[in-house]
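**Q** pasting the sequence and the predicted coordinates here, then a few questions.
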Amino acid sequence: MGRGREQIEYLLQALQHSDVSGFELLEFLDIRSRLAIQEPLFSQDDRRRLEDIDRQLLQMAPSWLARIMEVADLAEMRQRSRALPSHWWWYLDQINLSMQSANSVAN
Amino acid sequence: MVKRKNILTFDDRAKLVHAVGKIQRQINWKVGKDVAHLNKRRQMQHLQPSATMLEYEEIILELVRNGQNTVYLYEFSGDHYYVARGVTHNREWLVIFGGGGLMETAFPPEDMDDYIERRGFVLLGRIDEVLKWAEEENK
């Protein structure tokens, strides 16, 4: 549990510094996937913090995707990472597309 | 078996040697990115909270100037990035830079081997070996 909490803290801090290379943002996604494996063991408090991380990441999806796409093809990266379909953070490209479609319908 | 040297064409090897030479002499950041990266390193406790840009760049220079450190190749969309991997101050770091030695980032991944495998970096060899390629070709 100690390691998981450290990783949560790591991601919370990393979220405050997203104006860095896409190579670092990809590491964020790696760590989020590691946390997903431990998630059932987390305390309520840790789960809340993880939800907060996910909420912030979702809000920043367009800018994070743009930064990642400067240095990598996200589809290729999720394939290399053997990302599970439930690991939505590896699908920022698809999420972004859906958000754009929803916005265009709304307008 | 393909020699690592032959992963790259003659021109690509020349670009690699040029990029390594450039970054060994001086760190060139994209505009405004130096401070953003330094702030993150301090916040994440990769560096002391009081660390200066000079100290951060000294770490980077130490890593890219150590010929025993390894260098990897990463290609995306026709661009080549070079990745130096080494240990300093009891931490294993990656320095990622592009053509012309332009700095992309320098940070210590939480799980180095996993990070390298997931990104698909291709091992080229030790920095000193890579620099020798140019000498051999110029003979």
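**A** Structure received. Numbers count the residues shown, from 1 in each chain, chains lettered A, B, ... in the order given.

**Q** C-alpha from now on. contacts and neighbour counts both.
**A** Noted.

**Q** low-confidence ranges in chain B?
**A** Counting by pLDDT under 70, chain B has low-confidence residues at B:1-3, B:134-135, B:138-139.

**Q** which secondary structure state does the closest residue to B:Val83 other than its chain neighbours sit in?
**A** Spatial nearest neighbour of B:Val83, excluding adjacent residues (C-alpha to C-alpha, 6 or more residues apart in numbering or on different chains): B:Ile96 at 4.5 Å. Secondary structure assignment for B:Ile96 (DSSP: H, G, I helix; E, B strand; the rest coil): strand.

**Q** since we're on B:Ile96, how many residues are nearby?
**A** 25 (other C-alpha atoms under 10 Å in any protein chain shown).

**Q** OK, contacts around it?
**A** B:Tyr81, B:Tyr82, B:Val83, B:Ala84, B:Met103, B:Glu104, B:Thr105, B:Ala106 (C-alpha atoms under 8 Å, 6 or more residues apart in numbering or on different chains).

**Q** these in strands, which ones?
**A** Secondary structure from DSSP state E places B:Tyr81, B:Tyr82, B:Val83, B:Ala84, B:Met103, B:Glu104, B:Thr105, B:Ala106 of the contacts of B:Ile96 in strands.

**Q** bridged to the third one, which residues?
**A** It stands for B:Val83. With DSSP bridges as the criterion, B:Val83 is bridged to B:Tyr72, B:Ile96.

**Q** quick one on the thing from earlier: report the buried members of the ones in strands among the contacts of B:Ile96.
**A** B:Tyr81, B:Tyr82, B:Val83, B:Ala84, B:Met103, B:Glu104, B:Thr105, B:Ala106 (16 or more other C-alpha atoms under 10 Å in any protein chain shown).

**Q** distance of the fourth one from A:Leu97?
**A** Going back to what we said before, that points to B:Ala84. 35 Å (C-alpha to C-alpha, to the nearest Å).

**Q** and what of the first one?
**A** Between B:Tyr81 and A:Leu97 the computed distance is 28 Å (C-alpha to C-alpha).

**Q** tell me where chain A has helices.
**A** Here chain A has its helices, by DSSP state H, at A:2-15, A:22-38, A:44-59, A:61-69, A:74-80, A:92-106.

**Q** out of the ones you listed, nearest to B:Ile7?
**A** Closest approach to B:Ile7 among those is made by helix A:74-80 (20.5 Å; C-alpha to C-alpha).

**Q** quick one: average pLDDT of the closest one?
**A** Helix A:74-80 shows a mean pLDDT of 96.
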